[in-house]
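Chemist: no FASTA, just this:
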């Protein structure tokens, strides 16, 4: 899965935030729609799409979408 | 000394006795004079529980209750009992839209189907004496409240509470009582399993301050409730959910 595909899948987990708001350098935790529920959805998406297990701590350690992508791939 | 909570002369089966709340219940029940039948999947960890029990003549039966062979093995080897506490269970944190068949089937199987089939098998094999007490460890999650990602877990605990009503009604004919205990958050090994998704700090952030009695539960808090429900102190109590949650559900 490329970074662009990851960003698309990431955006797909949100219902109200427009897809164009999501870029590699988007600081996702500053998004209005970010919550424990979206965090949970992102964890499940990464498990489904990348077959990698990330934790709440990994999410907290990542600032941008690209950070999280790289962290997930490093697992 | 007068003690209506005594478990002297009672044999009690505890599942999930290799760790957490199940282990705590086994230890406390032994202090009240019960003879324990300890069940879990791991013989070594069951032996660790056994070494912490007071008194003698306790029995260890390792069996995996997630399949019928394990249930049959436990029931065949189990001596005649007066009490049965089901504490075996697993957490699964997942948002509703990501639930898939294997996830929901796994948690429903372990948390809900296993205790139901074990109860049924114990009755069929006449291992439960008349006037027995059955206690399922449910949760405030699913019976009273829920939280983000808890829907699968809540499903199983709510279901267990529903089963309790039906079983309590039916088994009243033989004087057997069936109840649940619904604990609030008791930090045990089970949280490490949830921590795959939620870190310890996160659990603290989301729940800290929500307990009017200002702390999380201890296994002994839950074990003391189990002692009440297993003892003759509660012979007129059946079909209830005993909530032990430090006041969490008041809010």
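Modeler: Ah, there it is. Because the structure is predicted, anything quoted here is derived from the model rather than measured. Numbering: from 1, shown residues only, chains lettered A, B, ... in the order given.
Chemist: any idea how far whatever residue of the stretch 1-150 of chain B ends up closest to chain A is from residue A:18?
Modeler: Closest residue of the stretch 1-150 of chain B to chain A, C-beta to the nearest C-beta: residue B:98 (3.7 Å). In this view, the C-beta of every residue, glycine as well, is placed from N, C-alpha and C. Remark: distance between residue B:98 and residue A:18 (C-beta to C-beta, to the nearest Å) = 22 Å.
Chemist: looking at those two, which has the bigger crowd around it?
Modeler: Between residue B:98 and residue A:18, counting by other C-beta atoms under 10 Å in any protein chain shown, residue B:98 is the more crowded of the two (16 against 8).
Chemist: residues contacting that one?
Modeler: A:40-41, A:44-45, A:48 (C-beta atoms under 8 Å, 6 or more residues apart in numbering or on different chains).
Chemist: just how off-centre is the lengthiest helix in chain A within its chain?
Modeler: Ordering each helix of chain A by length in residues (DSSP state H) puts helix A:36-50 first. Remark: helix A:36-50 is offset 7 Å from the chain centroid, using C-alpha atoms, centre = their mean, to the nearest Å.
Chemist: now do the residue in chain A that chain B sits nearest to, the pLDDT please.
Modeler: For chain A and chain B, the shortest gap (C-beta to the nearest C-beta) falls at residue A:44, measuring 3.7 Å. For residue A:44, the pLDDT comes out at 90.
Chemist: then the one 5 residues further on?
Modeler: The predicted structure scores residue A:49 at 91 on the pLDDT scale.
Chemist: against which helices or strands is the helix or strand of chain A with the lowest mean pLDDT packed?
Modeler: Taking mean pLDDT, DSSP states H and E as the measure, chain A has helix A:56-61 as its least confident helix or strand, at a mean of 88. Contacts defined by 3 or more C-beta pairs under 8 Å, 6 or more residues apart in numbering or on different chains; DSSP states H and E place helix A:56-61 against helix A:36-50, helix A:65-73, helix B:200-207.
Chemist: look up the closest residue to the residue of chain A closest to chain B, ignoring the ones flanking it.
Modeler: In space, and not counting its chain neighbours, residue A:44 is closest to residue B:98: 3.7 Å by C-beta to C-beta, 6 or more residues apart in numbering or on different chains.
Chemist: return the distance of the residue of the stretch 1-150 of chain B closest to chain A relative to residue B:149.
Modeler: Residue B:98 is 9 Å from residue B:149, by C-beta to C-beta.
Chemist: check contacts around residue 7.
Modeler: Assuming you mean chain A. Contacts of residue A:7 by C-beta under 8 Å, 6+ apart are A:22-24, A:65, A:69.
Chemist: I was thinking of chain B, sorry if that wasn't clear
Modeler: B:29, B:32-34, B:83, B:227, B:230-231.
Chemist: nearest residue to residue B:231 in space, please, no chain neighbours.
Modeler: residue B:5 (4.6 Å).
Chemist: if we can go back for a sec, let me know the pLDDT of the residue of the stretch 1-150 of chain B closest to chain A.
Modeler: Reading off the model, residue B:98 has pLDDT 92.
Chemist: I'd say residue A:71 and residue A:52 touch.
Modeler: No - Residue A:71 is beyond contact range of residue A:52, at 9.0 Å (criterion: C-beta atoms under 8 Å).
Chemist: ok, back up a step: got the phi/psi numbers for the residue of the stretch 1-150 of chain B closest to chain A?
Modeler: phi -100, psi 0 (degrees, to the nearest 10).
Chemist: if any of the contacts of residue A:7 are buried, give me the PyMOL selection for them.
Modeler: Those of the contacts of residue A:7 that count as buried under 16 or more other C-beta atoms under 10 Å in any protein chain shown are selected in PyMOL with:
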select buried, chain A and resi 22+65+69
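Chemist: want to throw the contacts of residue A:7 into a markdown table with distance to residue B:182?
Modeler: A markdown table is the format used below for the contacts of residue A:7 (distance: C-beta to C-beta, whole Å):
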| residue | distance to residue B:182 |
| --- | --- |
| A:22 | 41 |
| A:23 | 46 |
| A:24 | 46 |
| A:65 | 40 |
| A:69 | 41 |
